[in-house]
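# Give me a model of this one.
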Amino acid sequence: MAKPKKKVKKQKLTPAAAKRKAARDKKRAKRSDRKSKKAENQRKRRAAKKKGRNIKGKDYDHKKKRFVTVKKNRGNYGKGTKKEKKR
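As a prediction, the model looks like this:
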């Protein structure tokens, strides 16, 4: 029998801190590189679904150029994201 999935707790922030974080996140999402990656991701997902591939629970990895699990992609394959190249 499969284990029940753990719920990820929401980040505990004060209202002021949450507002600042939302502004930072929005600014980051509006950058041209993020917009192009998002558009590419949408194109790849649509094409994969059209071909009948099962991509549930997966994200497109722009480094490896394929679909991988969300856990691996967002966690940088166990290395974390602190050491990633900064802009």
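# Okay, and Lys50 sits in which element?
Secondary-structure element containing Lys50, defined by DSSP states H and E: helix 32-51.
# could you give me the average pLDDT of that helix?
In this model, helix 32-51 has a mean pLDDT of 93.
# which outside residues touch it?
Contacts with helix 32-51, where a contact means Cβ atoms under 8 Å, 6 or more residues apart in numbering, come from 28-29, 55, 59-60, 62, 67. Bear in mind the C-beta positions are built from the backbone N, C-alpha and C, glycine included.
# how about a cut-off of 7 Å?
For helix 32-51, contacts defined as Cβ atoms under 7 Å, 6 or more residues apart in numbering pick out 28, 55, 60, 62, 67.
# Any of the residues you listed buried? List them.
60, 67 (16 or more other Cβ atoms under 10 Å).
# I'd like the contacts of helix 32-51 as a markdown table, with distance to Pro4 appended.
Converted to a markdown table, the contacts of helix 32-51 look like this (distance: Cβ to Cβ, whole Å):
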| residue | distance to Pro4 |
| --- | --- |
| Arg28 | 33 |
| Ile55 | 23 |
| Tyr60 | 28 |
| His62 | 32 |
| Phe67 | 25 |
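# Return the subset of the contacts of helix 32-51 lying in strands.
Secondary structure from DSSP state E places 60, 67 of the contacts of helix 32-51 in strands.
# Now the residue nearest the centre of the chain: closest residue in space, sequence neighbours ignored.
A centroid search over the chain (Cα atoms, centre = their mean) returns Arg74, at 5.4 Å, as the residue closest to the centre. Distance criterion Cβ to Cβ, 6 or more residues apart in numbering; nearest residue to Arg74, sequence neighbours excluded, is Asp59 at 7.1 Å.
# Appreciated, that's everything.
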